[in-house]
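Q: I'll drop the sequence and a predicted model, then ask my questions.
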Amino acid sequence: MSKKGDNIYLRSDGRWEGRFPIGKRKNGGKKFFSVYGETREEAKAKKVEIKKAYEKEFIKKHRFVGDLPNRKNATTKVYTFSEWCIYFLEADKERRERKKWTHQRYKMLIENHLVPEFGNLPITLITPERVNKFIKMLIESYEKEKAKEIFLLFNGLMWKAKRAKFIRYNPYYYAWRPNKEEFFAHFTIANLLEESPESDGFQLKAALCINQETKLQMSKLLSLEWKDIDFENRLIELNTSYQNVVSEVVEHTSIRKLPIPEMTYQVLQELKKSAKNELVFRRDRILWTEPRISDTYVELGYKKVLPMWPFLNNKKGNVPKSY
């Protein structure tokens, strides 16, 4: 990938302007943030400072893996899946150890199976749920070995994107997560109440319960305050302007009321009994991490990663040695 300039130039009024992209407009064009300085050096220094502050705020708001979009930071370049495949194949062709037949095989699988499925979808918007459906389709449509070959190639593509820091996580790793029906086959309120509401275990299990029953993103769920909860009418007030600025520009905010399901209502009541501040869940950056969440799923009964597909049982989400 070619290196681009620093996007700093002299304006007609004599000032220097530095720009960096912060998102997309509704027409698909890039949205930029500009800083100004009397000299080129001043504009460059301001650009670095503002960009870091912008990314820090972005990470603060969107710090939970699994939320969309799956992007490293606010200024990371976004590839469509088709574009990323082109880059992947070009890099693969240059590998000394890569046999011509293997490269052609990869190209054929990508063109015939992967691009038709993901095509122009940005790699940052390929979700674990989408991958989950793709796996099921492969297993239903092809023999075991071919399905494995196609999906592990897809895994390799996403692993390369993660390694290049174009995505924060490989969605393959989270494709095994249970759906709502599977989750509540293992989860019970009685199991939850075995622990104190202040404990890590209670907080994690409670969050996963509400996440599964309401489908609220974890980052939105963990930012809920008690003023958002209407116990009398069993409603959660959601500000629908909760959007990642790099994926959509939201001009008008509105309030959406989400009904509180029965089990979520019971969990919220237990949390309210021990509430110590305005937040529904304890603020703890060490607690709300993917390893802790994964361990909680296992504790609840999900002993195997990808239990539906034993041939893809690869816990760390790594790719085969051939990659």
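A: Everything's here; your move.
Q: pLDDT averaged over stretch 259-266 - what is it?
A: For stretch 259-266, mean pLDDT is 92.
Q: ranges for the strands of the stretch 201-323 of the chain?
A: 229-230, 235-239, 255-259 (DSSP state E, counting those that start in this stretch).
Q: JSON lines please, covering the ones you listed and showing distance to residue 117 and mean neighbour count.
A: C-betas here are computed from N, CA, C, even on glycine. As requested, these are exported to JSON lines (distance: least, CB to CB, whole Å; neighbours: other CB atoms under 10 Å):
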{"stretch": "strand 229-230", "distance to residue 117": "40", "mean neighbour count": "16"}
{"stretch": "strand 235-239", "distance to residue 117": "31", "mean neighbour count": "16"}
{"stretch": "strand 255-259", "distance to residue 117": "31", "mean neighbour count": "12"}
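Q: Please produce CSV containing those strands, extended by distance to residue 200.
A: Converted to CSV, those look like this (distance: least, CB to CB, whole Å):
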stretch, distance to residue 200
strand 229-230, 22
strand 235-239, 23
strand 255-259, 26
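Q: Nearest to residue 37, out of these?
A: Closest to residue 37 of those is strand 235-239 (CB to CB; 35.8 Å).
Q: Any idea which of the strands of the stretch 201-323 of the chain gets closest to residue 78?
A: Of all the strands of the stretch 201-323 of the chain, strand 235-239 comes closest under CB to CB, at 25.2 Å.
Q: and that closest one, what does it pack onto?
A: Applying 3 or more CB pairs under 8 Å, 6 or more residues apart in numbering; DSSP states H and E, one finds that strand 235-239 makes contact with strand 229-230, strand 255-259.
Q: helices or strands up against the shortest one?
A: Taking 3+ CB pairs under 8 Å, 6+ apart as contact, the helices and strands that strand 229-230 lies on are strand 235-239.
Q: now the strand it packs on against strand 255-259, angle please.
A: Going by axes from the mean of the first three to the mean of the last three CA atoms, to 10 degrees, strand 235-239 is angled at 150 degrees with respect to strand 255-259.
Q: partner strands of strand 235-239, parallel or antiparallel?
A: Here strand 235-239 is paired, per DSSP bridges, with strand 229-230 (antiparallel), strand 255-259 (antiparallel).
Q: quick check: mean pLDDT across it?
A: Mean predicted confidence for strand 235-239 is 79.
Q: Just the C-alphas of it, formatted as PDB.
A: The C-alpha trace of strand 235-239 is given here as PDB (Å, rounded to 0.1, in the frame of the first residue of the first chain):
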ATOM      1  CA  LEU A 235     -39.000   0.800  29.400                       C
ATOM      2  CA  ILE A 236     -35.400   1.700  28.600                       C
ATOM      3  CA  GLU A 237     -34.900   5.100  26.900                       C
ATOM      4  CA  LEU A 238     -32.300   4.900  24.200                       C
ATOM      5  CA  ASN A 239     -30.800   7.900  22.400                       C
END
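Q: ok, residues contacting that strand?
A: In this structure, residues lying in contact with strand 235-239 by CB atoms under 8 Å, 6 or more residues apart in numbering are 214, 216, 220, 224, 228-230, 253-260.
Q: thinking again about what came up before, same list, the strands paired with strand 235-239, but as a markdown table with distance to residue 300 please.
A: Listed next are the strands paired with strand 235-239 as a markdown table, based on distance: least, CB to CB, whole Å:
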| stretch | distance to residue 300 |
| --- | --- |
| strand 229-230 | 24 |
| strand 255-259 | 24 |
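Q: how much space is there between residue 210 and residue 201?
A: Remark: distance between residue 210 and residue 201 (CB to CB, to the nearest Å) = 15 Å.
Q: Remind me what the strand or helix carrying residue 106 packs against, helices and strands.
A: In the assignment (DSSP states H and E), residue 106 maps to helix 100-109. Other helices and strands packing on helix 100-109, by 3+ CB pairs under 8 Å, 6+ apart, are helix 81-93, helix 144-163.
Q: quick one: buried residues of it?
A: With burial defined by 16 or more other CB atoms under 10 Å, the residues of helix 100-109 counted as buried are 106, 109.
Q: by how many degrees do it and helix 81-93 diverge?
A: 180 degrees.
Q: Direction-wise, compare helix 100-109 with helix 144-163 and give the angle.
A: 90 degrees.
Q: Tell me the helix or strand right after helix 100-109.
A: From helix 100-109, the next helix or strand downstream (DSSP H and E) is helix 115-118.
Q: All set now, cheers.
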